[in-house]
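A.B. asks: Curious how this folds, go ahead:
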Amino acid sequence: MKTIEEKAIEYADRPTTAKTWGMHKRALIDAYLAGATEALTSQWRNVEDELPPNADNVLVHIDFSDAKRNMDNFGAETWESAMSHTVAYYRDECWNFLDEYYCDCNVDRWMPIPEPTNPESK
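C.D. replies: Have a look, this model is predicted:
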């Protein structure tokens with residue numbers, strides 16, 4: 001799988017791209033990367049602004065700052081490497097986690113789970 005940077009360079013190297021947009025290669029790469037970064041980061045939704053449809057599984061980001069006091073028994077090393085993302089669903093005004101590890105955690109943002117990509121597509 002190509003990185004975003006590789007895709008940006010490939011886009012900038014297309015013969016018609018520079019002609020069409022009248023830009024230098026570095027500017028095309030930077031514009032592609034800025035657009036890709038915005039598209040990826042804007043998929044996250046703040047739970048204070050919007051909640052997912054009832055009972056749809058979504059990817060969530062966990063804010064462990066409030067949960068740390070409940071997890072002291074895991075030890076400092078484990079705490080530092082704790083996972084901050086998991087799958088959950090929201091139902092009856094409550095987050096439901098597929099893994100009990102997250103039961104007392106605070107969700108601060110979520111995003112829909114992307115559809116699987118076709119390995120044949122580029």
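A.B. asks: Give me the helix or strand of the protein that scores worst on average pLDDT.
C.D. replies: helix 76-80 (a mean of 47; mean pLDDT, DSSP states H and E).
A.B. asks: who does the next helix or strand after it touch, helix- and strand-wise?
C.D. replies: Counting by DSSP states H and E, the next helix or strand C-terminal to helix 76-80 is strand 85-91. With contacts taken as 3 or more C-beta pairs under 8 Å, 6 or more residues apart in numbering; DSSP states H and E, strand 85-91 sits against strand 58-63, strand 94-97, strand 106-112. C-beta coordinates here come from the backbone N, C-alpha and C atoms, glycine included.
A.B. asks: What's the mean pLDDT across strand 85-91?
C.D. replies: Averaged over strand 85-91, pLDDT sits at 88.
A.B. asks: Could you check it and say which residues are buried?
C.D. replies: 86, 88-90 (16 or more other C-beta atoms under 10 Å).
A.B. asks: Just send those back as CSV, with distance to Pro114 too.
C.D. replies: Output for the buried residues of strand 85-91, formatted as CSV (distance: C-beta to C-beta, whole Å):
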residue, distance to Pro114
Thr86, 16
Ala88, 16
Tyr89, 16
Tyr90, 18
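A.B. asks: Farthest-apart pair in those residues, please.
C.D. replies: Greatest spacing in those, by C-beta to C-beta: Thr86 and Tyr90 (13.2 Å).
A.B. asks: and for those two, which residues touch both?
C.D. replies: Counting by C-beta atoms under 8 Å, 6 or more residues apart in numbering, no residue touches both Thr86 and Tyr90.
A.B. asks: and Gln33, what does it touch?
C.D. replies: Careful, residue 33 is Leu; it's not Gln. Counting by C-beta under 8 Å, 6+ apart, Leu33 has contacts 4-5, 8.
A.B. asks: For PyMOL, what selects the buried ones among those residues?
C.D. replies: Remark: buried members of these, expressed as a PyMOL selection using 16+ other C-beta under 10 Å:
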select buried, resi 8
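A.B. asks: Sort out which one of the contacts of Leu33 lies nearest Glu38 for me.
C.D. replies: Using C-beta to C-beta, the contacts of Leu33 come closest to Glu38 at Ile4, 11.7 Å.
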